[in-house]
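Engineer: what's the 3D shape of this:
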Amino acid sequence: NMSWDQVKVSIDDTEIEAMVSRTSEANLFSIPASVKMEEGTTFTVGKKKYTAAKVTDVAERGEVLLVETKESKNDKSSERRTTS
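Structural biologist: Got it, this is the predicted structure:
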């Protein structure tokens, strides 16, 4: 029995409402397909950074993406500093 919590996911400069189910093995995010998400995409939830390990288009309707993640551990290489 999976329980889902509502979270805010940040990808690049986009923040979007999503759902997350946390299991012992992985975090499963349900994210609207309006967001461009593919394997290897990194995103943040609060202070935690995640990397999409597997992305599935639910029912192949282009509405919802199911994203399995692995937690990114101190990933300095992807810290993008933008100076404007």
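Engineer: all strands of the chain, in order?
Structural biologist: Assignment of strands within the chain using DSSP state E yields the ranges 5-11, 14-22, 27-32, 42-45, 48-57, 64-71.
Engineer: How about residue 4: what's its closest non-neighbour residue?
Structural biologist: In space, residue 4 comes closest to residue 19 once its chain neighbours are excluded; the distance is 4.4 Å by C-beta to C-beta, 6 or more residues apart in numbering. For every residue, glycine as well, the C-beta is placed using N, CA and C.
Engineer: Make CSV from the strands of the chain and add mean pLDDT to it.
Structural biologist: Below are the strands of the chain laid out as CSV (pLDDT from 0 to 100):
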stretch, mean pLDDT
strand 5-11, 95
strand 14-22, 94
strand 27-32, 94
strand 42-45, 94
strand 48-57, 94
strand 64-71, 89
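Engineer: Adding mean neighbour count, write those strands out as a markdown table.
Structural biologist: Below are the strands of the chain laid out as a markdown table (neighbours: other C-beta atoms under 10 Å):
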| stretch | mean neighbour count |
| --- | --- |
| strand 5-11 | 14 |
| strand 14-22 | 15 |
| strand 27-32 | 19 |
| strand 42-45 | 17 |
| strand 48-57 | 16 |
| strand 64-71 | 18 |
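Engineer: show me the contacts for the residue nearest to residue 4.
Structural biologist: Neighbour list for residue 19: 4, 5, 6, 7, 29, 30 [criterion: C-beta atoms under 8 Å, 6 or more residues apart in numbering].
Engineer: Kindly indicate which of those lies nearest residue 52.
Structural biologist: Proximity of those to residue 52 (C-beta to C-beta) peaks at residue 29, which lies at 8.2 Å.
Engineer: what is the closest one paired to in the beta sheet?
Structural biologist: residue 20, residue 67 (DSSP bridges).
Engineer: Might one say that residue 18 is in contact with residue 30?
Structural biologist: Yes - with contact defined as C-beta atoms under 8 Å, residue 18 reaches residue 30; the gap is 6.2 Å.
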